[in-house]
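Chemist: kindly return the folded structure for what I paste below:
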Amino acid sequence: PNACLYSKDDLVIEGAGTLTVNANYNNGITSKDTLEVYDGTIIVNAVNHGVSGKDSNAIDSVTLTVSCGGDAIRSTNNSDETLGWVKVSNSELTLTAEEDGIQAETSATLSSGTYSITSGGGCSVSPREDASAKGVKAGTDLTLTSGVYVLDCSDDALHANGNVTISGGVYTISTGDD
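Modeler: Numbering: from 1, shown residues only. Reported below is the predicted structural model:
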């Protein structure tokens, strides 16, 4: 295990309470399969990555605060094109990451929420050559619908290797790169 809260299978976190994870060794919350988070308030402080679901990462109706030395939210499965996605809806995210705020190996979809993302120290810091510090990064498609987005990023604020679709919402974007 490389996380404070770790599962080799699917992991579902659901409920109206508050969960605080202090990962002083490595990652905060990690599922080696699917990670689903519904309702409640979650606070993650991690030396490395914050909230990782290898196959997928679904977050709905959550107040999530992550402060970490790696990626704040990520899904990393690169062996199956139907996996490796991140989907966040109806949530309030406050992400402070030394690397990517949200990183999806395939698609990333964000909707109907409040998203405050600071990556790589923010726009006044030059992007590092040895690490990605993008606000929202998708390996294929990136979709943003409705919501309020405040992005303060050292590297690209929004990045996709495929299509970017933006439909509605309010955006405040500051970046040290693109």
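Chemist: neighbouring contacts of the helix or strand where I42 lies?
Modeler: I42 belongs to strand 41-46 when elements are defined using DSSP states H and E. Under the criterion CB atoms under 8 Å, 6 or more residues apart in numbering, residues 4, 13, 17-23, 26-29, 50-51, 62-70 lie in contact with strand 41-46. C-beta coordinates here come from the backbone N, C-alpha and C atoms, glycine included.
Chemist: list buried residues within those.
Modeler: Among the contacts of strand 41-46, those classed as buried by 16 or more other CB atoms under 10 Å are 4, 13, 21, 23, 26-29, 50-51, 62-70.
Chemist: pull out the buried positions in the helix or strand that contains Y115.
Modeler: With secondary structure defined by DSSP H and E, Y115 is part of strand 114-119. Neighbour counts over strand 114-119 (16+ other CB under 10 Å) mark 115-119 as buried.
Chemist: name the next helix or strand downstream of it, please.
Modeler: strand 136-138.
Chemist: what pairs with that following strand, parallel or antiparallel?
Modeler: strand 102-104 (parallel), strand 158-160 (parallel) (DSSP bridges).
Chemist: after that strand comes which helix or strand?
Modeler: Scanning forward in sequence from strand 136-138 by DSSP H and E, the next helix or strand is strand 142-145.
Chemist: quick one: average pLDDT of that next one?
Modeler: Averaged over strand 142-145, pLDDT sits at 97.
Chemist: show me the shaky parts of the chain.
Modeler: The chain contains no residues with pLDDT under 70.
Chemist: how does it look with 80?
Modeler: Regions of the chain meeting the criterion pLDDT under 80 cover residues 178.
Chemist: what number of residues lie near the closest residue to T30 other than its chain neighbours?
Modeler: Among residues not flanking T30 along the chain, A3 sits closest, at 3.6 Å (CB to CB, 6 or more residues apart in numbering). As a burial measure, A3 scores 23 neighbours (other CB atoms under 10 Å).
Chemist: kindly report the same for L144.
Modeler: Residues near L144, counting by other CB under 10 Å: 20.
Chemist: contacts only, for L83.
Modeler: Counted by CB under 8 Å, 6+ apart, L83 has contacts 54-56, 75, 77, 105-106.
Chemist: neighbour-wise, which one of those residues leads?
Modeler: S75 (30 neighbours).
Chemist: I'd guessed that one sits against V51; true?
Modeler: No: with contacts counted by CB atoms under 8 Å, S75 stays clear of V51, the gap being 9.7 Å.
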